[in-house]
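1. next come a sequence and a model predicted from it.
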Amino acid sequence: MLSLIALNAAACETAWSKANLRKAVVMKIMLGTLIGIYCNVRAVMLFFARTISTNSEDYDHYYELDGSTGTIHHETVKYWPALMKRQFPEWMSEAGIDAEGVEKLNDILIELYTAFNNDMLVLAAIGMRTAFDVASILLGIDEVLTFSQKIDSLTVQGKIGPRDKDRLLSLVAAGNATAHRGWKPTAEELGAMMDALEYFIHESFILPYRKARTDAKIASMDQRVPARPKKAAKKAP
């Protein structure tokens, strides 16, 4: 089954990001076993595809209302590009995070979300460890230290708290197990690891940058706020 679906710009963005294709369909043509979506966005053609596969040995039986038996085959559905499983946090876009001087971290995070959303669980787990490593170096931690030593240094310097330390130790341990012992996290476990990494990046980079930006705006405002006039001196009787 092949479905060619023409969508406008707004529909393309909304439908694919929210996996809500039915509401955005303008035209659908059935043919073959592939579903493709065509988006014409500002004269740029974007194509998406969905494949549905079944195994003749992978099925369940069920009973019809009249008592007869039926068979339903389990379907495996895959999308290309993959549907967004994890959205960027509000402080991140395809250009990177809302902070300055973090280009290396931006590159790693963008690749990390790509791996996550394409079900590359092993690569994503290792990528989280790498993202933490780069972030710690940007925070002034010696790059020759081990992962656990870097976490200890961040704690001693007051850049992270005890609970943050525990989360990061678990994240690094999971990344090490994936890289060196072939361990593969589940999607739920990977989501928890990503939560821990996002908490760390938000508190270490986003909040300080936004506070500094707000402070600069307040300082500029202070220069424009007129001072309170002084009271006139009382005349002697």
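-> Received it, and whenever you're ready, just let me know what you need.

2. tell me what the longest helix anywhere in the chain is packed against?
-> Using DSSP state H to define each element, the chain has its longest helix at helix 162-181. Judged by 3 or more Cβ pairs under 8 Å, 6 or more residues apart in numbering; DSSP states H and E, helix 162-181 is in contact with helix 121-138, helix 147-156, helix 187-201. Glycine gets a C-beta too; all of them are placed from N, C-alpha and C.

3. can you check what angle separates the longest one from helix 162-181?
-> What that stands for is helix 121-138. Between helix 121-138 and helix 162-181, the angle comes out at 130 degrees (axes from the mean of the first three to the mean of the last three Cα atoms, to 10 degrees).

4. elements contacting helix 121-138?
-> Counting by 3+ Cβ pairs under 8 Å, 6+ apart, helix 121-138 packs on helix 103-117, helix 147-156, helix 162-181, helix 187-201.

5. buried sites along the longest one?
-> Going by neighbour count (16 or more other Cβ atoms under 10 Å), the buried part of helix 162-181 is 164, 167-168, 171-172, 174-176, 178.

6. helix or strand: which one has Asn55?
-> In the assignment (DSSP states H and E), Asn55 maps to strand 44-63.

7. so what strands line up beside that strand?
-> The strands beside strand 44-63 in its sheet (DSSP bridges) come out as strand 34-41 (antiparallel), strand 69-80 (antiparallel).

8. so how far is it off the chain centroid?
-> 26 Å (Cα atoms, centre = their mean, to the nearest Å).

9. report how many residues lie close to Ala115.
-> By other Cβ atoms under 10 Å, 18 other residues sit near Ala115.
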